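next come a sequence and a model predicted from it.
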Amino acid sequence: MYTLIVVLGIAAALLFLAGFSRGLRNAVLEYRRGKPEPTEVPDYNYVGVAAVSVVLSAGFIALAGVAPMWIYAGPLLVLGTAAGIGIAFFVERPSV
Amino acid sequence: MDKSLFASMPSLTPTLGFASMIGLGLFSLALSYAVKLLLVRNTHDFIIADRRVGFGFGVASVISVWTWAMAVMMSSAMTFQWGLSGLFWFVVPNGLAVMAMIPFARVLRKNMPEGYTISEFIQYRFSKSKVATGIVTLTMIFGIVLEILINLKGTSLVVSTVFGIDWRVATVVGIVCVLTYSYFGGLWTSVMTGTLNTLMITVPAAIVVAAVFATVPGGADAVFGAVNTAGPEYLSVLRPEAAAGFGITLAFGLLAATVSDQTFWQKVWAIKSRDVGRTFLWAGALFYPIPICLGMLGLVGIAYGLTPADFGGDIAAVGPYIVSHIGLPLTLVLLYVLVILAACYSTIDGASSALSSIVAVDIVKRYFPSVSERLLFPITKISVLLGGLVATIIVLSGVDFTTLVLTTYALKTSILLPLVFAILWPRTNTLGFVGGIVASIAIGMPIYEWVGELAGTLSIVAIGGLTVVVFGMLGGKDFDVTSLRRVRDEIASPVPSAE
């Protein structure tokens, strides 16, 4: 399991850094171009997705008390955090 | 399980400790200087990043300021003390508190697109009431100083414990490292370094925790079995005493910590408007795994039958103790220290950046509206250093900062519902807002002191909310929220000059 987590960790870090460099490039380009940003705020309230994430996190903690293998869910999920941030850079729409 | 396995590592020398702290500081300084050259030319850029922080940077920077050094350690500590119930009550409200910002962030960003600070909103919401604005400004400043202070104190304790460095020296080195790079780029620096710090928190945390379980003979199976033997209640998330002991109080405290914190409001107005809602959604959801992962170290402490006396009496030290004494390779111990340093640095630079926005908008521009950009920009930059200096003096003086903690707690918790009503309920009026805060402190804090944390916290929140509702029903007239759209940009961005 340790080796798997190290390998996935490296993959997550690479995705994160690729996203970071994309975000940095876009930020500099947007700043140089100086085009005004739109001011609309979408009407989504995200209640459903937020509730699901709360329930899932509580569920993963509870599962760690059910069987030993779920103890590794924490380290695997936190790699998901790193990868998720990397993905966030790719799903954003740059203004340039 | 035999805890004689735990032994100190002689290779963890003070030199390594200084190298870790200063190395991360220098790396951040280099990034910060590049950020300054590329993205920061005036006060507007410095405190609000020209309102161009994108989705990825937004998500990562919110996670980074919310991941306090103490939170890294407390997730293990709460698991160690209460078992999985402790982790449950520590983790669930934590992510929820970030996502709870979504409705408020959406309303204010939509209706007051040129805002900078929550205190500025209160100023226009309550007809420029000096009392209402003053209370909120003071609360934000107290909160920021406390954020810096707690992170600095926690980190200096860890560094001094792991590397044997005098805690006073560790405090000074730590704050100098953060403030040096924070000074250059303001919010953009905080966002960029915070983003990279999130990488330094997440991937190393996963590797270190997995390595700890790999080092334990029998691995996760053995830990699980030993915890079950120590007490099956440690493997349950349903212990009511954990909820009553700290869970419910913590939940309200965390909600107040985000909604009543300029560090988050600064980001609300700095992130691109179309991304504000989903940024806080992703940040809250992606934050969850961090304490879940680090909390598993607490199970190792239970399995080995560690007691607080084994690591100096403070249960917050259980995670650092396990990692630095269980026999991991030096590199992995340093990675864990990096997790704590990254959490510390990103929270302090986020708080320092938030303080600069308060100084620029709520103090300098409010009382000296004709101040020139030429003067405002250096004042704003220097103000980044103020919170850190004050916090350092308090930490080094060795004074018991319980009073500061309690005062900030009282202000933040009492302000929670009045602020929520001010944003969402148009009938909220100045009398109700100020009266709610004053009444909840005057009545709730004595209950907190004499009856207990839970009763006190519930009283403070309830009194604040009820007072606002009563005054609103009695004498309130509807506030025209669209009037906030006419609020002009206090620190409009001058046209960037070519360099």
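Cool, got the structure.

phi and psi next, for residue B:53.
Residue B:53 adopts backbone torsions of phi -70, psi 120, taken as degrees, to the nearest 10.

neighbours of it, how many?
Close neighbours of residue B:53, defined as other CB atoms under 10 Å in any protein chain shown, add up to 27. All C-beta atoms are positioned from the backbone trio N, CA, C, and that covers glycine.

might one say that it is in contact with residue B:268?
No. Proximity of residue B:53 to residue B:268 does not meet the contact threshold set by CB atoms under 8 Å, at 10.3 Å.

next, the buried residues of the helix or strand hosting residue B:457.
Assessed by DSSP states H and E, residue B:457 sits inside helix B:453-475. Neighbour-count burial for helix B:453-475, counted by 16 or more other CB atoms under 10 Å in any protein chain shown, picks out B:453-454, B:456-461, B:463-465, B:467-469, B:471-472.

is the one helix or strand residue B:188 maps to anywhere near chain A?
Per DSSP H and E, residue B:188 falls inside helix B:167-215. Yes. Contact check for helix B:167-215 against chain A, using CB under 8 Å from any CB of the partner chain: residues in range are B:188, B:192, B:195-196, B:198-199, B:202-203, B:205-207, B:209-211, B:213-214.

helix or strand right after that helix?
Next in sequence after helix B:167-215, counting helices and strands by DSSP H and E, comes helix B:219-230.

can you pull the buried residues of that following helix?
Of the residues in helix B:219-230, those scored as buried under the neighbour-count criterion (16+ other CB under 10 Å) are B:219-220, B:222-224, B:226-228, B:230.

could you point out the longest helix in chain A?
Assignment by DSSP state H gives helix A:2-33 as the longest helix of chain A.

between it and helix B:167-215, how big is the angle?
Orientation note: helix A:2-33 sits at an angle of 130 degrees relative to helix B:167-215 (axes from the mean of the first three to the mean of the last three CA atoms, to 10 degrees).

OK, contacts around the residue nearest the centre of chain A?
For chain A, the residue nearest the mean C-alpha position is residue A:84 (2.0 Å; CA atoms, centre = their mean). When the contact criterion is CB atoms under 8 Å, 6 or more residues apart in numbering or on different chains, the partners of residue A:84 are B:59, B:282, B:286.

in ChimeraX, how would I select just the buried ones from the residues you listed?
In ChimeraX syntax, the buried subset of the contacts of residue A:84 is picked out as below (16+ other CB under 10 Å):
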select /B:59,282,286
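
and which of the contacts of residue A:84 is nearest to residue A:63?
Closest approach between the contacts of residue A:84 and residue A:63, by CB to CB: residue B:286, at 19.0 Å.

please identify the helix or strand for that closest one.
In this structure, residue B:286 is located in helix B:276-287 according to DSSP H and E.

quick one: that helix near chain A?
Yes. Judged by CB under 8 Å from any CB, helix B:276-287 comes into contact with chain A through B:276-278, B:281-282, B:284-287.

mean confidence for that helix?
In this model, helix B:276-287 carries a mean pLDDT of 96.

contacts for that helix next, please.
Residues from elsewhere that reach helix B:276-287 (CB under 8 Å, 6+ apart): A:41-42, A:44-46, A:49-50, A:53, A:80-81, A:84-85, A:88, B:55, B:58-59, B:62-63, B:66-67, B:94-99, B:101-102, B:105-106, B:109, B:267-268, B:271.

try it again with 7 Å
Residues outside helix B:276-287 that contact it (CB atoms under 7 Å, 6 or more residues apart in numbering or on different chains) are A:41-42, A:44, A:46, A:49-50, A:53, A:81, A:84-85, A:88, B:55, B:58-59, B:62-63, B:66, B:94-96, B:98-99, B:101-102, B:105-106, B:109, B:268, B:271.

returning to what we had before: helix, strand, or coil at the residue nearest to the centre of chain A?
Three states are possible here, and by DSSP: H, G, I helix; E, B strand; the rest coil the one that applies to residue A:84 is helix.
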